[in-house]
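Visitor: return atomic coordinates for the entry below.
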Amino acid sequence: MRSQPRITDVAALAGVATSTASKALNDTGQLREETRERVRRAAEQLGFTPDSRGRALSSGRSFTVGLITTDSSGRFSIPIMLGAEDALSAGEMALVLCDTRDDPLREQHYLKSLVSRRVDGIIVTGRRTEPRAPIDVPIPVVYAFSPSTDPDDTSVIVDDHGGCGSTVRHLLSLGRQRIAHVTGPDSHHSARVRAAATVEAAGDALAGEPLHGEWSERWGRHAVDVLLRTQPSVDAISCGSDQIARGVCDRLRELGRSVPDDIAVSGYDNWSVMALASRPPLTTVDMQLEELGRRTANLLLDAIAGSTHSGPLELPTRLITRESTLGT
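Guide: Residues are numbered from 1 along each chain as shown. Down below sits the predicted model:
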């Protein structure tokens, strides 16, 4: 069997001392860039993979990041994690996922474990947009989707107000004149923000007050019955989630109302399981959570390097137009 190449082999091929090769591969020391590049090419040519333990010891870092989440279903945390991994992998860093299941004791256990493992930093996220209490750890932390209550902490959040506003402007541009809004519980921050944005953007075209209920298809179906009874002239329904919007479409179809010819329908989230399976497919708002994850990870990398961004960073959403408002 062919033996694995060693750091001495890389040094010999690059024509440098073993200590120089180690510094070049670990990105430490005061070396010329051409020397680092020559060592990297030699390592690639030989198929040499640095020992992560040695890399950690020489740099004082573990090259790992923790991700703490309350989102057990992964509906929001998985795309955020995928985006974060894209950014972290460029620096050859690994990510450790910890699901607290909304249990404060479990969260404290995970935090202690991550700190004891000497992770370089922590990303904190969740399934809701309500600000949460900050965590107390001696390493850099960035909050994603669920911001910190401390205004000085680094938090990356979604522009829900702008997202719902873009949906209403789209409906108005199609000539819709009576726009209703159906969303989740008014105890949820995201539902309140999306409802307020709809009221503001719709103006005189608003058909009644926003209707609050569950984040469910069942609530969407029930809301249609309420709307057709109280707002019979409604010609568009903006929904606070794709689940609600799919229920709205199903109930309208059962009642013989055409979507979008009679009533246009829009969702929110761009959750493909709902948005693409809906009949018809939903116009919806994409929160671009993978991009949010990438931005979060890059801010964490900056903080690890000593450059901290203070305060919240709000990222734009993207309107995805489909047949539920445009027709076939």
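Visitor: please count neighbours and contacts with C-alpha atoms only from this point.
Guide: OK.
Visitor: quick one, strands of the stretch 201-328 of the chain?
Guide: 211-212, 236-239, 264-266, 284-286, 312-315, 318-320 (DSSP state E, counting those that start in this stretch).
Visitor: what's the closest of those to Thr69?
Guide: In this view, the strands of the stretch 201-328 of the chain are compared for proximity to Thr69 by Cα to Cα, and strand 312-315 is the closest at 18.5 Å.
Visitor: strands paired with the closest one, and their directions?
Guide: Take DSSP bridges as the rule and strand 312-315 pairs in its sheet with strand 155-158 (parallel).
Visitor: now the partner strand: buried residues?
Guide: Residues of strand 155-158 classed as buried under the neighbour-count rule (16 or more other Cα atoms under 10 Å) are Ser155, Val156, Ile157, Val158.
Visitor: which is the next helix or strand following it?
Guide: Per DSSP states H and E, strand 155-158 leads on to helix 160-173 as the next helix or strand towards the C-terminus.
Visitor: which other helices and strands contact the following helix or strand past that following helix?
Guide: Towards the C-terminus, the helix or strand next in line after helix 160-173, according to DSSP H and E, is strand 179-183. If you count contacts as 3 or more Cα pairs under 8 Å, 6 or more residues apart in numbering; DSSP states H and E, strand 179-183 packs onto helix 189-202, strand 211-212, helix 217-230, strand 236-239.
Visitor: what angle do strand 179-183 and helix 217-230 make?
Guide: Between the direction of strand 179-183 and that of helix 217-230, the angle (axes from the mean of the first three to the mean of the last three Cα atoms, to 10 degrees) works out to 150 degrees.
Visitor: tell me the gap between strand 179-183 and the middle of its chain.
Guide: Once both centres are worked out by Cα atoms, centre = their mean, to the nearest Å, strand 179-183 turns out to sit 25 Å from its chain's centre.
Visitor: relative to helix 189-202, how tilted is it?
Guide: Angle of strand 179-183 versus helix 189-202, following the same axes, to 10 degrees, is 180 degrees.
Visitor: okay, strand 179-183 in CSV with CA atoms only?
Guide: Written as CSV, here are the backbone C-alpha positions of strand 179-183 (Å, rounded to 0.1, in the frame of the first residue of the first chain):
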residue,chain,number,x,y,z
ILE,A,179,-57.1,42.9,-1.2
ALA,A,180,-57.6,40.8,2.0
HIS,A,181,-54.9,39.6,4.3
VAL,A,182,-54.9,36.2,6.1
THR,A,183,-52.0,35.4,8.4
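Visitor: what is the rounded mean pLDDT of stretch 207-214?
Guide: Stretch 207-214 comes out with an average pLDDT of 98.
Visitor: can you point out the buried residues in it?
Guide: Counting neighbours by 16+ other Cα under 10 Å, one finds that the buried residues in stretch 207-214 are Ala207, Pro210, Leu211, His212, Gly213.
Visitor: of those residues, just say which sits nearest to Thr317.
Guide: Comparing the buried residues of stretch 207-214 against Thr317 with Cα to Cα places Pro210 closest, at 21.4 Å.
Visitor: so the closest one sits against Ile179, correct?
Guide: No: taking Cα atoms under 8 Å as the contact criterion, Pro210 and Ile179 are not neighbours in contact, 9.9 Å apart.
Visitor: per-residue pLDDT, Leu46?
Guide: Taken from the predicted model, the pLDDT recorded for Leu46 is 87.
Visitor: quick one, phi/psi of it?
Guide: phi -90, psi -10 (degrees, to the nearest 10).
Visitor: on the three-state scheme, the nearest residue to it once chain neighbours are set aside is what?
Guide: For Leu46, ignoring the flanking residues on the chain, the nearest one in space by Cα to Cα, 6 or more residues apart in numbering is Pro5 at 6.5 Å. The assignment at Pro5 comes out as coil when based on DSSP: H, G, I helix; E, B strand; the rest coil.
Visitor: contacts only, for Pro5.
Guide: Contacts were defined as Cα atoms under 8 Å, 6 or more residues apart in numbering; by that measure Pro5 touches Leu46, Gly47, Phe48.
Visitor: and it, how far is that from Arg36?
Guide: 18 Å (Cα to Cα, to the nearest Å).
Visitor: Gly175: neighbour count?
Guide: For Gly175, the tally of surrounding residues (other Cα atoms under 10 Å) stands at 10.
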